[in-house]
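Q: sequence unavailable; structure follows:
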């Protein structure tokens, strides 16, 4: 199974020419079916997919409803016949420090082009690929300060309950694909193992270490070191924290970006 990064904060490959970075995340999961996990902030993920000459996706899974993971969705649903999997809260209006940070399009506009499948519990998107739905928070989550959603016309603190990750079953263990991991890295890994009944050995995507203090980061890395075979952090991990991960984990950490392909 291959994971190809289509949208990230950086480009790490010189070829092919023309690949672009942005503040956002999108990854193409290539297995028995081709699944798009998140769509980036703009149309960059779509353009990078064409430059990389990748197969068109058959389904989309949204990690959560922030603009930098959903802003490119219309490019894909207009071009291809797709189903979109998401937690119901992904479509709620949401604000951070007074600015709108939710999906840039009304749900009805997305549904004009694609079938939207809401789920709060884990769902098998295709054979061997599970979208986790709501992730229980036994440990500290990675939330945003001064943020809220609007539910039925009422403001409430945004707990980012829609944050979900994608779990891939492989012969080497579980591969976990993260969007922003607002539910918390440890919470997400432990829940994925509970749901599927196997151990997480590969982690790819946004870990949101950027929200942690230095001590928390070191404790998290020490916990990861004995568990995983490989981590490929990007997006909201933060460049400084990516280098910390690399320095602590060595060969167990791979620096990736737009155009990277991770085989597991």
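A: Looks like it arrived, so ask away. Keep in mind it's a predicted model, so treat the numbers as computed, not measured.
Q: the stretch 101-250 of the chain: helices as residue ranges?
A: Secondary structure of the stretch 101-250 of the chain by DSSP state H, counting those that start in this stretch: the helices cover 107-113, 185-196, 214-225, 239-249.
Q: need the winner for burial among the ones you listed.
A: The highest average neighbour count among the helices of the stretch 101-250 of the chain, using mean count of other Cβ atoms under 10 Å, belongs to helix 185-196 at a mean of 20. The way it works is simple: take the backbone N, C-alpha and C, and place the C-beta from them, glycine included.
Q: which strands and helices lie in contact with that helix?
A: strand 166-170, strand 173-178, strand 200-206, helix 214-225 (3 or more Cβ pairs under 8 Å, 6 or more residues apart in numbering; DSSP states H and E).
Q: put together CSV for the helices of the stretch 101-250 of the chain, with mean pLDDT on each row.
A: As requested, the helices of the stretch 101-250 of the chain are exported to CSV (pLDDT from 0 to 100):
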stretch, mean pLDDT
helix 107-113, 97
helix 185-196, 98
helix 214-225, 93
helix 239-249, 94
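Q: now residue 59, which residues is it bridged with?
A: For residue 59, the beta-bridge partners are residue 35, residue 83 (DSSP bridges).
Q: show me the contacts for it.
A: Counting by Cβ atoms under 8 Å, 6 or more residues apart in numbering, residue 59 touches 33, 35, 36, 82, 83, 84, 85, 125, 126.
Q: returning to what we had before: export the helices and strands packed on helix 185-196 to a markdown table and tack on distance to residue 96?
A: Shown next, in a markdown table, are the helices and strands packed on helix 185-196 (distance: least, Cβ to Cβ, whole Å):
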| stretch | distance to residue 96 |
| --- | --- |
| strand 166-170 | 24 |
| strand 173-178 | 19 |
| strand 200-206 | 16 |
| helix 214-225 | 21 |
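Q: counting neighbours, which of the contacts of residue 59 comes out on top?
A: When neighbours are taken as other Cβ atoms under 10 Å, the top entry among those is residue 36 (28 neighbours).
Q: how long is stretch 254-264 from one end to the other?
A: In stretch 254-264, first residue to last residue: 13 Å (Cα to Cα, to the nearest Å).
Q: quick one: mean pLDDT for that stretch?
A: Across stretch 254-264, pLDDT averages out at 95.
Q: that stretch: which residues count as buried?
A: 254, 256, 257, 258, 259, 260, 262, 264 (16 or more other Cβ atoms under 10 Å).
Q: now stretch 22-33
A: Result for stretch 22-33 [16+ other Cβ under 10 Å]: buried residues 22, 24, 25, 26, 27, 28, 29, 30, 31.
Q: among those residues, which are in strands?
A: Those of these mapping onto strands are 26, 27, 28, 29, 30, per DSSP state E.
Q: does the last one touch residue 36 like I think?
A: The one in question is residue 30. No: when contacts are counted by Cβ atoms under 8 Å, residue 30 is not listed as touching residue 36 (10.5 Å).
Q: which stretches in the stretch 1-150 of the chain count as strands?
A: Here the stretch 1-150 of the chain has its strands, by DSSP state E, counting those that start in this stretch, at 2-7, 26-30, 34-37, 59-61, 83-86, 94-96, 99-100, 115-118, 123-126, 129-131, 147-151.
Q: what's the closest of those strands to residue 48?
A: Between residue 48 and the strands of the stretch 1-150 of the chain, the tightest spacing by Cβ to Cβ is seen for strand 2-7, at 4.8 Å.
Q: and that closest one, how far from the chain's centre?
A: How far strand 2-7 lies from its chain's middle: 11 Å, per Cα atoms, centre = their mean, to the nearest Å.
Q: please point out which parts of it sit buried.
A: So for strand 2-7, counting by 16+ other Cβ under 10 Å, buried means 3, 4, 5, 6, 7.
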